[in-house]
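> give me a model of this one.
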Amino acid sequence: MSLSTQFKLNNGTSIPCLGFGTYKIKDPNEAYQSVKTALELGYIHIDTAAFYENEKYVGNAVKDYIQASGCKREDLFVTSKVWKTEAGYDKTLRAFEKTMDEIGLDYLDLYLVHWPSSYAFDDDWENTNRSTWKAMMEIYKSGRVKSIGVSNFLTHHLNALMDSEIIPAVDQIEINPGFMQADTVKFCQDNGILVEAWSPLGRGRSLEHPVLVELAGKYGKSTAQIILRWDLQHDILPLPKSVHEDRIKSNSEIFDFELSNEDMAKIDALEPYGNSGHSPDE
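Predicted coordinates:
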């Protein structure tokens, strides 16, 4: 495996196996420079969202890198997402147009519903999600996105979409040691939906877990590299993020070793460490 290794999606397209996340990188210079640095270090998969308020700077970095490097747009993979306040058919279509204006690219490789409507806030949440998904399918059929998917959808949210003409290609959910979301992962993998892991390092808390620190020493790797490799060996696509060049580089250096089955099981068995993740239904 390498940074150019691809996972196959259920619509026949491919997605690079490691992505660069940009959540909370709102400063224009940091957003631009971190994406540019990641691309220069060999990343070819960039993840952003309307909610991140950095689509413009991410798009500028992608365009400038293409011009400077001579690579082609199709050599890169760019994702964005529609936020939950824009749920519903008409709002989703309008939100997509705004995203395309902001990011300044001719097309997206992947467009996601960022957050599901849920029973805690919407009595008609299933139909709201179906209405949003109807717009997503229309956007996909327009050819302006190569694949569509969801983010933070649990099994019951996904079930409301599974009889659609097009099912999600991806579900991007929080996954880190001690917070595996095993039921949702199993549902996705059983139904041909690729799982992406946001916050794979547990907002940094997982980096201090003594079991992971011990494994890092055993393999001569950082705890972050151990976690990202663990994701890959579960056929989960991790999306680490950083604004520091050394960490951006280090997070990509996970293809020259393999965790044993025993050590994979050790990480699988970890209890939540620090603040655990939360449910989209909360």
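> quick one: low-confidence parts of the chain?
Applying pLDDT under 70 to the chain flags the ranges 273-279, 281-282.
> going along the chain, name the strands of it.
Here the chain has its strands, by DSSP state E, at 6-8, 14-16, 20-21, 45-47, 77-82, 110-113, 148-151, 170-174, 194-198, 236-238.
> next, format the ones you listed as CSV and append mean neighbour count.
All C-beta spots, glycine's among them, are computed from the backbone N, C-alpha and C. Formatted as CSV, these follow (neighbours: other C-beta atoms under 10 Å):
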stretch, mean neighbour count
strand 6-8, 14
strand 14-16, 20
strand 20-21, 26
strand 45-47, 26
strand 77-82, 26
strand 110-113, 27
strand 148-151, 26
strand 170-174, 24
strand 194-198, 24
strand 236-238, 24
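> need those in JSON lines with distance to residue 248, can you?
Shown next, in JSON lines, are the strands of the chain (distance: least, C-beta to C-beta, whole Å):
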{"stretch": "strand 6-8", "distance to residue 248": "21"}
{"stretch": "strand 14-16", "distance to residue 248": "15"}
{"stretch": "strand 20-21", "distance to residue 248": "7"}
{"stretch": "strand 45-47", "distance to residue 248": "12"}
{"stretch": "strand 77-82", "distance to residue 248": "17"}
{"stretch": "strand 110-113", "distance to residue 248": "21"}
{"stretch": "strand 148-151", "distance to residue 248": "22"}
{"stretch": "strand 170-174", "distance to residue 248": "20"}
{"stretch": "strand 194-198", "distance to residue 248": "16"}
{"stretch": "strand 236-238", "distance to residue 248": "13"}
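> which of those strands sits closest to residue 224?
Residue 224 lies closest to strand 236-238 among those, at 9.8 Å (C-beta to C-beta).
> just checking, what packs against the closest one?
Helices and strands touching strand 236-238, by 3 or more C-beta pairs under 8 Å, 6 or more residues apart in numbering; DSSP states H and E, are strand 194-198, helix 223-233.
> what's the closest of these to residue 58?
strand 194-198 (15.6 Å).
> contacting residues around that closest one?
By C-beta atoms under 8 Å, 6 or more residues apart in numbering, the list of residues contacting strand 194-198 from outside reads 7, 9-10, 15, 19, 21, 23, 47, 149, 151, 169-176, 184-185, 188-189, 231, 235-239.
> pull the CA atoms of that strand into CSV?
C-alpha atoms of strand 194-198 as CSV (Å, rounded to 0.1, in the frame of the first residue of the first chain):
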residue,chain,number,x,y,z
LEU,A,194,-17.0,2.4,2.6
VAL,A,195,-16.3,3.7,6.1
GLU,A,196,-14.2,6.8,6.6
ALA,A,197,-12.9,7.7,10.1
TRP,A,198,-13.0,11.3,11.2
